[in-house]
Every structure is written in C-alpha cells, then in structure tokens.
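[1] turn this into a structure:
(2 chains)
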Amino acid sequence: MPEYTDTELVELFRDADKKHYAFNLLVRKYQEKVYYFVRRLVIDHDDADDVVQNIFIKVWNNLGSFREDSKLFTWLYRIAVNESLSFLKSKQLRSYLSLSSPEALMIKSLHDDPYFDGQEIQKRLSEAIIRLPKKQQLVFNMRYYDDLSYDEMSEILGTSVGALKASYHFAVKKIEDFVTIN
Amino acid sequence: MKLGQNISNQINNSEQLSPVLEKLKQEGNGYSVPDGYFDSLSSRIVDEIKKQENRSLLKSVVPFRKPMIWAPALVTVIVAVLLIFVVPGKKESTIPVVDEWTQINMAYDASYAEEAILAESNTIDKALENKDVSYIASASYNGENEPTIDEITEYLKEQEIDTDILNEY
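    As a prediction, the model looks like this:
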C-alpha cells in the first residue's frame, strides 16, 4: 500500500475521482491508533467499533472543509475525543436505570470482556484508569500510551500545558497507588 | 512557596514512571480484536456512509415523511371529499300541502293556525272566482254559517236600512 503524507491524503480526498481511494488509505493509516484510543476509554469492543465508525464517518463528512491550520492527526484525534466523550455521556445517562454506577459497569465489562487477553496486572491497570476522572483518563492515555507531547495534547483538548502536566502527575500517582495496593 | 516548588518539581518529575508502569507500557494494554477486524473495517465504514447518503437522499425526495407535515393535509382532503360527495339532504318545506288530511291537522293543531286561515282564504278566493256560491254558502266561520245575500237583504229590510248599502261594498 503506498504511503502518503497527511497533506497528500487531504489533496487526494478533495479530488472527486479519488475521494474513496484517499479515504480508504486514511482509514487504514489511522484505524488502529484511533481504535485503541477509543477502546481504552469505552472498554467494550462492540462499543469501540461503533464509536470508531462514527469518527470516520465524521471525517468523511468534514475532511473536504478541513482548513489545515492544524495537523490532520490532531484534527482526527479531536474528533475521536469528542465522539468518545459523547458516547460515554449517553452511556452514563442510560446507566441511571441500573443500580450500579457507570464505573462499576465498565469494570464489570472489563472483567467479562472476551477480547482481553492481557495479564492480570494489565487488567488492574485498566481498572485503575477507569476509576480516574474523564479528563485525567484522556490525559493519561494520550501521554502514557500514545506518547503525545503536551503541546499536541493542549491543541487537542484546549487545555494549558501546565494544567495537563498537573493532571498527568495526579493520574500517575493514583494509578501507581491502586496497582500497588491491589 | 516551598510547597509550591515541591509540587512543581514533582509534576516535572512525574515523567519518571515507577518500574511497574514502565514495564506495562512496553507490554501494551492487553485489548484484542476479532480476527480480520481491521481488514474489513474500512469497507464497513464505506458501506455505512453509503447507507446514510441513501437515507438523506430519500429525505430530500420525499419531504413529507414526517407525519406532522402530511397528516393535517390528509385530514383536510378527507373532509373536503366527504363534504363534496356526501351532500346533505334538502330540508323539506315546513309549509304543509293544502289537502284534506292537512286541513284536518290544521284544524286540530294550533301551530297550523296561520296556515289554516291562509289555506281557507285561498280556497274561498278560488270559489269566488268560479262563482261557486254553494261553497260560500256552506263555508264555516268560527263554527257559524255565513249568511247569504238574500238573508242579508231580508235583514236589512227588517231593520229599515237602505239596501243600497250593499252596493257600496
């Protein structure tokens, strides 16, 4: 499969004859990164699949008007953050009908997940992340798993670098305490 | 100030993870996917996009899919059809036909008083036109017989009233 830069992919996409081809290449380039980012937040594979499809449908609908004042990946990540948070919010509203908290339901989903083949300690780490506030989850995952810089995270989340550093620091502390104790 | 400095140092040093977290970072998060998931993902997304585009095309072609738009129009059409084809029956005239049975009813029903007098006078007029004196002679008026011309003349003579008065009317 040919490798194109993000700028080349956007240009290809704007050509009506090559739109589908460009979109296919774009999905294949970023699908794993986007999928695992979403999966770490929503835990369940089927939920992640739904969210990922919604993300790329939004990309299809809006890439034509992408202004290129930010990197394509940053723009894509922003869509992924918004769609994931929207999904979690709607799931939280639905969970009010159940007796358990949204976090408890996600932890149960994690333990019952047929598509988790990691070690027990990895499961404990995922559980520790679920227990964090949503913003801290995002910051931790983006820094710890995706190695994004604080400047990139600041552009995606619209938060200052200092606040992001503090958020990451507290997230790491909580997770280390939880993993160590459990 | 010292506390703030301490926290700031801690934040800057938080990039140094504990050995456990460092090790787990290398090993990944443990999540897996069904076989062939990523191979088919792009085609499934494209299929979904095509479905959504077909749905929006249908919405633009058939603007009256929302019941709130077409339901009132449908009700109006139905009412109009009923009004056109289900013509309400003509009200029958309340004026009774002047026949024998009607005359009897008129005689016994006070609501027909006006019609009864009108019918009676119409009949008398017709009789006068036809010079049907016998009817006039037998016509009842408040239950009493109407006097004839001869009887009136005889009466006037008895009263010594000039019979020429009859010619004045």
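[2] quick one: contacts for the closest residue to A:Leu12 other than its chain neighbours?
    The spatially closest residue to A:Leu12, leaving aside those adjacent along the chain, is A:Ala22, at 3.6 Å (CB to CB, 6 or more residues apart in numbering or on different chains). In short, each C-beta sits where N, CA and C put it, glycine included. With contact set as CB atoms under 8 Å, 6 or more residues apart in numbering or on different chains, A:Ala22 has these partners: A:Tyr4, A:Leu9, A:Val10, A:Leu12, A:Phe13, A:Asp15.
[3] one more pass at 6 Å, please.
    Taking CB atoms under 6 Å, 6 or more residues apart in numbering or on different chains as the definition of contact, the neighbours of A:Ala22 are A:Leu9, A:Leu12, A:Phe13.
[4] give me the three-state assignment for it.
    helix (DSSP: H, G, I helix; E, B strand; the rest coil).
[5] mind checking how far it is from A:Pro102?
    According to CB to CB, to the nearest Å, A:Ala22 and A:Pro102 sit 38 Å apart.
[6] just the buried positions in the helix or strand B:Leu83 falls within, please.
    B:Leu83 is part of helix B:67-85, with elements assigned from DSSP states H and E. Under the neighbour-count criterion of 16 or more other CB atoms under 10 Å in any protein chain shown, helix B:67-85 has nothing buried.
[7] in chain B, what residue is nearest chain A?
    Taking CB to the nearest CB as the measure, chain B has B:Gly30 as its residue closest to chain A, at 1.8 Å.
[8] check that residue and give its pLDDT.
    In the prediction, the pLDDT value recorded for B:Gly30 is 89.
[9] and the contacts of A:Ala22, which is closest to A:Ile130?
    Nearest to A:Ile130 among those: A:Leu9, at 34.1 Å, using CB to CB.
[10] give me the three-state assignment for B:Asn29.
    B:Asn29, by the three-state scheme (three-state DSSP), is coil.
[11] neighbours around it, how many?
    For B:Asn29, the neighbour count with other CB atoms under 10 Å in any protein chain shown is 20.
[12] quickly note the distance from it to A:Asp113.
    Remark: distance between B:Asn29 and A:Asp113 (CB to CB) = 12 Å.
[13] swap in A:Asn82?
    A:Asn82 is 25 Å from A:Asp113, by CB to CB.
[14] those two: who's more crowded?
    With other CB under 10 Å as the criterion, A:Asn82 and A:Asp113 differ in neighbour count, and A:Asp113 comes out ahead with 18 against 14.
[15] what residues are up against the more buried one?
    Counted by CB under 6 Å, 6+ apart, A:Asp113 has zero contacts.
[16] let's go with 10 Å and repeat that
    Applying CB atoms under 10 Å, 6 or more residues apart in numbering or on different chains, we find A:Asp113 in contact with A:Arg39, A:Ile43, A:Asp44, A:His45, A:Lys123, A:Ser126, B:Gly30, B:Tyr31, B:Ser32.
[17] closest residue of chain A to chain B?
    For chain A, the residue closest to chain B is A:Gly118, as judged by CB to the nearest CB, at 1.8 Å.
[18] correct me, but the residue of chain B closest to chain A touches A:Ile129?
    No. B:Gly30 sits out of contact with A:Ile129 when judged by CB atoms under 10 Å, with a separation of 11.7 Å.
[19] comparing those two, which residue is more hemmed in?
    Between B:Gly30 and A:Ile129, counted using other CB under 10 Å, the more crowded position is A:Ile129 (23 against 19).
[20] for the nearest residue to the more buried one once chain neighbours are set aside, give its distance to A:Ile121.
    Leaving out its chain neighbours, the residue that sits closest to A:Ile129 by CB to CB, 6+ apart is A:Gln137, at 5.7 Å. Distance, A:Gln137 to A:Ile121, by CB to CB: 19 Å.
[21] residue contacts, A:Asn141?
    The neighbours of A:Asn141, taking CB under 10 Å, 6+ apart as the test, are A:Tyr36, A:Phe37, A:Arg40, A:Leu41, A:Ile129, A:Leu132, A:Leu148, A:Ala171, B:Asn29.
[22] in helices, which of those residues appear?
    A:Tyr36, A:Phe37, A:Arg40, A:Leu41, A:Ile129, A:Ala171 (DSSP state H).
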